[in-house]
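Enquirer: all I have is the shape, not the residue letters:
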């Protein structure tokens, strides 16, 4: 049994023409890197390629268990959705006046998570932050996959999913046409544009790395064919790099303009209605800040998972987590400020209808509010400590707590307003049904599964970007310290 | 018939030093190209003129997107007139939102497709290339109009410590 496994591993290794994962890690360990440093640029060139692409070519037992567990949850969620389609929306607890419940809260949450991936990536690209390189791909992929998950929820929510084409400007037998006066139609347009732009942004960044994987992939490996097709024949000529750099900059600017608009429009789904609790001007920026807060948390969580599951700790270094944690600290303070502003305005104005919703929140969901607000206060305090910002374990726990809090925030935006609006005789309560909860849980598994599959079939690390960093960087000794310096290379547009 | 010589180098300095002798052999800049696994800064070999006005394509596509949105959102309101509380038929806010999104969608698509166009992608033909480039070798492509010149370039590459030299064809 052991022999068979050994042979398999040897065969795998010779096919991939790369050393084993342990050997790759061993090379790095022998260099005894300071964890606070950036990627060690003195490492051999071949190591960088092999180590960066190792998630594609090595499949650990943990990965198999992880994907099988995720697939099971997704299968369960799909079964629940099928059950809902077959039996109708009666299987949910959505009843008048609760037309929006857990599905919409989940939709808003995932759109929020999607926010930071491309924003972080494009901001860091545009500002030429040199520490950005190892985290770009993971962040961009997070945006694309969380948007794909978010996009499922309006479909699930409408019930008769096969009639979704009425939302598109397509001629149909009932002469129905989308009404662009509705913020829901804006939302659909904005999310479609954001998804398209994010996918293009991700794919553009991937092009050189797909070509690298194509070259390093053995001839008879199953990945060779699709890598050849997806690389589009990229060779890395001077002209190609020049055009690529320019396009990356342009796309970063455009994505940076699209992203805030998307979450603002999602907030307008609520704010454009004349409903107390929703109809507020602060909703746009409040949603955007919340989305970046939640998204940066998501990026940190995923970076820690990538370090653990694929052993990429020599590429995604502590200093990258440390810098992201600083950004998350700023976003936590900003989000708390926005929440406070929204709350104190309602409190001082004391509009009876609006205030009733706040009181209802405190009376009905004190435990959820405690997690949401307590989680953020705890995150602000904890992230102020250097030791926490440099600890992957702590960062993982804190960012999970942050995103649980942000999910609760979305839930508390959607549900209390509908349960306690207008006339008191319509007031009711809402608890998500088992079907709704299962589908929402399935969304998390679906997102992680997409991410895990992506890491297996395409490069999850931006190798070309790291190599570029290597070209324009060098170590300079000042006294007893060796510091990394980067040349300021500004490409003319 | 032109032929392309591809020389592989370990050091970028050797590659850059080859430019002057190539110029003396009256090889034009447009016939020289670098192939690398990562981008080298502009001017590593020589300063190249930019022939890809990507901004113009992005702008034009953005404008097309804008007018597509005006037509879609505007025409919809006129064609299916839903009178709500005596409000005007033409509502500007929805048009602003849709126009903003479509303008950016146009610009993104324009940028992407113009990148493919100027990078001459996709191209799955067997062009001059070597897998060693992915292992951080630096490739220098030189297009020569005849065999005699190609032989001279090969000789020059050997002088500048090219680790490997091969022939191929290229689209430049």
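Expert: Perfect, I can see it now. Quantities reported herein were computed from a predicted structural model and do not represent experimental measurements.
Enquirer: all helices for chain B, in order.
Expert: Assigned by DSSP state H, the helices in chain B fall at B:12-17, B:19-24, B:54-79, B:92-118, B:147-159.
Enquirer: the fourth one: which residues count as buried?
Expert: Put plainly, it is helix B:92-118. Neighbour-count burial for helix B:92-118 flags B:94-95, B:97-112, B:114-116, B:118 (criterion: 16 or more other CB atoms under 10 Å in any protein chain shown). In this view, the C-beta of every residue, glycine as well, is placed from N, C-alpha and C.
Enquirer: how close does the spatially closest residue to residue A:124 that is not a sequence neighbour sit to residue B:111?
Expert: Leaving aside its sequence neighbours, residue A:124 sits nearest to residue A:132 (CB to CB, 6 or more residues apart in numbering or on different chains; 3.5 Å). The gap separating residue A:132 from residue B:111 is 20 Å, by CB to CB, to the nearest Å.
Enquirer: burial of residue B:85, as a residue count?
Expert: 4 (other CB atoms under 10 Å in any protein chain shown).
Enquirer: show me the shaky parts of chain A.
Expert: Applying pLDDT under 70 to chain A flags the ranges A:1-43, A:489-493.
Enquirer: residue nearest the middle of it, spatially speaking?
Expert: Central residue of chain A (CA atoms, centre = their mean): residue A:142, 3.2 Å from the mean position.
Enquirer: now chain B
Expert: residue B:119 (3.0 Å).
Enquirer: ramachandran angles for that one?
Expert: phi -90, psi 0 (degrees, to the nearest 10).
Enquirer: can I assume it is in contact with residue A:236?
Expert: No: at 10.2 Å, residue B:119 and residue A:236 do not qualify as touching, with contact defined as CB atoms under 8 Å.
Enquirer: how near is the closest residue to residue A:407 other than its chain neighbours to residue A:259?
Expert: Sequence neighbours aside, residue A:109 is the residue nearest to residue A:407 in space, at 5.0 Å (criterion: CB to CB, 6+ apart). Counting by CB to CB, the gap from residue A:109 to residue A:259 is 16 Å.
Enquirer: need the outlier residue of chain A, farthest from its centre.
Expert: Most distant residue from the mean C-alpha position of chain A: residue A:479, 41.7 Å away (CA atoms, centre = their mean).
Enquirer: check the gap between that one and chain B for me.
Expert: According to CB to the nearest CB, to the nearest Å, residue A:479 stands 29 Å off from chain B.
Enquirer: do residue A:113 as well
Expert: Plainly put, residue A:113 is 20 Å away from chain B if you go by CB to the nearest CB.
Enquirer: isn't that residue right up against residue A:145?
Expert: No: at 9.3 Å, residue A:113 and residue A:145 do not qualify as touching, with contact defined as CB under 8 Å.
Enquirer: ok, these two, which is more surrounded?
Expert: Counting neighbours by other CB under 10 Å for residue A:113 and for residue A:145 shows that residue A:113 has the greater number, 28 against 25.
Enquirer: give me the nearest residue to the more buried one, chain neighbours excluded.
Expert: Closest residue in space to residue A:113, ignoring its immediate chain neighbours: residue A:146 at 4.3 Å, by CB to CB, 6+ apart.
Enquirer: sorry, back to before: the buried residues of helix B:92-118: which ones sit near chain A?
Expert: Contacts with chain A within these, as defined by CB under 8 Å from any CB of the partner chain: B:94-95, B:97-98, B:100-102, B:104-105, B:107-109, B:111-112, B:114-116, B:118.
Enquirer: and the closest residue to chain B within the stretch 351-493 of chain A, what does it touch?
Expert: Across the stretch 351-493 of chain A, the shortest distance to chain B (CB to the nearest CB) belongs to residue A:467, at 3.4 Å. Applying CB atoms under 8 Å, 6 or more residues apart in numbering or on different chains, we find residue A:467 in contact with A:48, B:37-38, B:136.
Enquirer: just the residues you listed: which are in strands?
Expert: Counting by DSSP state E, no part of the contacts of residue A:467 is found in strands.
Enquirer: what sits against the residue nearest to the centre of chain B?
Expert: Here residue B:119 is in contact with A:234, A:239-240, A:243-244 (CB under 8 Å, 6+ apart).
Enquirer: and if we set it to 10 Å?
Expert: Residues in contact with residue B:119 (CB atoms under 10 Å, 6 or more residues apart in numbering or on different chains) are A:207, A:232-235, A:237, A:239-244, A:247, B:52.
Enquirer: check contacts around residue A:276.
Expert: Applying CB under 10 Å, 6+ apart, we find residue A:276 in contact with A:346, A:351-357, A:417, A:420-422.
Enquirer: JSON lines for these, including neighbour count, secondary structure and distance to residue B:43?
Expert: Below are the contacts of residue A:276 laid out as JSON lines (neighbours: other CB atoms under 10 Å in any protein chain shown; DSSP: H, G, I helix; E, B strand; the rest coil; distance: CB to CB, whole Å):
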{"residue": "A:346", "neighbour count": "17", "secondary structure": "helix", "distance to residue B:43": "58"}
{"residue": "A:351", "neighbour count": "12", "secondary structure": "coil", "distance to residue B:43": "63"}
{"residue": "A:352", "neighbour count": "7", "secondary structure": "helix", "distance to residue B:43": "69"}
{"residue": "A:353", "neighbour count": "12", "secondary structure": "helix", "distance to residue B:43": "65"}
{"residue": "A:354", "neighbour count": "19", "secondary structure": "helix", "distance to residue B:43": "61"}
{"residue": "A:355", "neighbour count": "15", "secondary structure": "helix", "distance to residue B:43": "64"}
{"residue": "A:356", "neighbour count": "17", "secondary structure": "helix", "distance to residue B:43": "67"}
{"residue": "A:357", "neighbour count": "21", "secondary structure": "helix", "distance to residue B:43": "62"}
{"residue": "A:417", "neighbour count": "22", "secondary structure": "helix", "distance to residue B:43": "59"}
{"residue": "A:420", "neighbour count": "22", "secondary structure": "coil", "distance to residue B:43": "66"}
{"residue": "A:421", "neighbour count": "19", "secondary structure": "coil", "distance to residue B:43": "64"}
{"residue": "A:422", "neighbour count": "12", "secondary structure": "coil", "distance to residue B:43": "68"}
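Enquirer: fine, thanks again, bye for now.
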